[in-house]
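# My questions are about this predicted structure, shown below with the sequence.
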Amino acid sequence: MDIVVPENNGVYARNLLGRLRHLMFLARQRELAPLDISPRQVYVLFLLCSANHPTTLAELAKYTDRGIGTISIQMTRMEKDGLVTKSRVKRKSSLVKFEVTQKGLDIYNASNKLQSEQEIMAVLSERECQQFILTLKKLIAKAEAYQ
């Protein structure tokens with residue numbers, strides 16, 4: 001079957017961007033399989049490591065573009081896997097914060113040594129990559145206006 005190309009360039013660009021995102025996700029997922037962790041979990045570990053402080057569900061939901069319920073389920077799984085620890089802000093408070101465990105840090109550091117994303121993006125020159133980032137930021141800003 002031939003690939004159908006929409007006449008509208010915006011639709012075509014969106015389809016290409018979706019395909020790229022999907023293919024890069026699959027490549028990263030395959031690469032992370034031996035570590036028994038998903039790309040989304042690695043991203044959460046990145047956020048926790050970058051924050052340098054215990055992080056709330058609301059903060060994680062904001063940065064992952066996920067709902068609090070969704071991120072709560074993910075954090076429960078990550079806690080069961082020993083990647084993060086959960087603690088209450090105050091003894092009887094419902095507000096909880098998460099921190100990376102040593103196991104989580106070890107897996108995060110190992111995941112940073114993997115190369116699929118770098119190899120895929122290496123087809124762009126540094127200048128092309130910077131231009132691509134600027135273009136994506138413009139599109140994201142416009143799309144956020146519709147939220």
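Nice, thanks for sending it over. Residues are numbered from 1 along each chain as shown.
# so where's the chain shaky on pLDDT?
By pLDDT under 70, the low-scoring segments of the chain are 1-5.
# can you list the domain ranges for it.
9-114, 115-147 (automatic domain parsing).
# now the ones you listed in CSV, with mean neighbour count?
Just so you know, the C-beta spots here come from the backbone N, C-alpha and C atoms, and that holds for glycine as well. As requested, the domains of the chain are exported to CSV (neighbours: other CB atoms under 10 Å):
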stretch, mean neighbour count
domain 9-114, 15
domain 115-147, 10
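# center of the protein, which residue is that?
For the chain, the residue nearest the mean C-alpha position is Y43 (4.1 Å; CA atoms, centre = their mean).
# secondary structure element for K142?
helix 126-144 (DSSP states H and E).
# again with V42
helix 39-51.
# Can you give the contact residues for that helix?
25, 28-29, 32, 55, 59-60, 63-64, 71, 74-75, 78, 83-84, 98-100, 104-105, 107-108, 111 (CB atoms under 8 Å, 6 or more residues apart in numbering).
# With that, I have no additional questions.
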